[in-house]
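K.L.:
I'd like to go over a predicted model; first the sequence, then the structure.
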Amino acid sequence: MTATRWAAAAVLGLAFTSTNGCVGTTGHLAAASTRDVEPRDLLVDTPPRHVVGRSCIDVVVVFPARIPNIGEAIEDALRKGGGRVLTEVTIRYELVYLPLVYGTACYVAEGDAR
């Protein structure tokens, strides 16, 4: 292996080993929605559909492009599930970051769309 290839492999290996990831649970909710909801919306004849919604942003160097939004994650999940309300909701925060280069940060809403 030439010195140039060895150096490139070393830099690539260092980049992969310095990539950080973090996942944490922000909270659990019985129900969540971004829409007007009435109690009858929880009583649906069809079985609920389990969905996952995300609101993600880019982090360049150390500067986020904007702040991820929990409401956007819930709305994304409702759009995917075709419902008006999410039940048995888990909200998580996920971060994958290569220090001082690039990363993504996301709020994730997971639950049953009704």
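P.N.:
The structure has been received and is ready for your questions.

K.L.:
which residues in the protein form helices?
P.N.:
Ranges of helices in the chain, per DSSP state H, are 3-18, 70-81.

K.L.:
looking at the ones you listed, which has the lowest confidence?
P.N.:
Looking at the helices of the chain, the lowest mean pLDDT belongs to helix 3-18 (a mean of 66).

K.L.:
For this protein, which residues score under the pLDDT cut-off?
P.N.:
1, 7-19 (pLDDT under 70).

K.L.:
can you give me the strands for it?
P.N.:
20-32, 49-60, 63-64, 86-98, 102-113 (DSSP state E).

K.L.:
and the ones you listed as JSON lines, adding mean neighbour count and distance to residue 38?
P.N.:
For the C-beta atoms, the positions are set from N, CA and C on the backbone; glycine is no exception. Listed next are the strands of the chain as JSON lines, based on neighbours: other Cβ atoms under 10 Å; distance: least, Cβ to Cβ, whole Å:
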{"stretch": "strand 20-32", "mean neighbour count": "12", "distance to residue 38": "12"}
{"stretch": "strand 49-60", "mean neighbour count": "16", "distance to residue 38": "20"}
{"stretch": "strand 63-64", "mean neighbour count": "10", "distance to residue 38": "37"}
{"stretch": "strand 86-98", "mean neighbour count": "17", "distance to residue 38": "14"}
{"stretch": "strand 102-113", "mean neighbour count": "20", "distance to residue 38": "16"}
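
K.L.:
And those strands: which comes nearest residue 5?
P.N.:
Among the strands of the chain, strand 86-98 comes nearest to residue 5, with 21.7 Å by Cβ to Cβ.

K.L.:
Out of the strands of the chain, the one nearest residue 2 is which?
P.N.:
Going by Cβ to Cβ, the one of the strands of the chain nearest residue 2 is strand 86-98, 26.0 Å.
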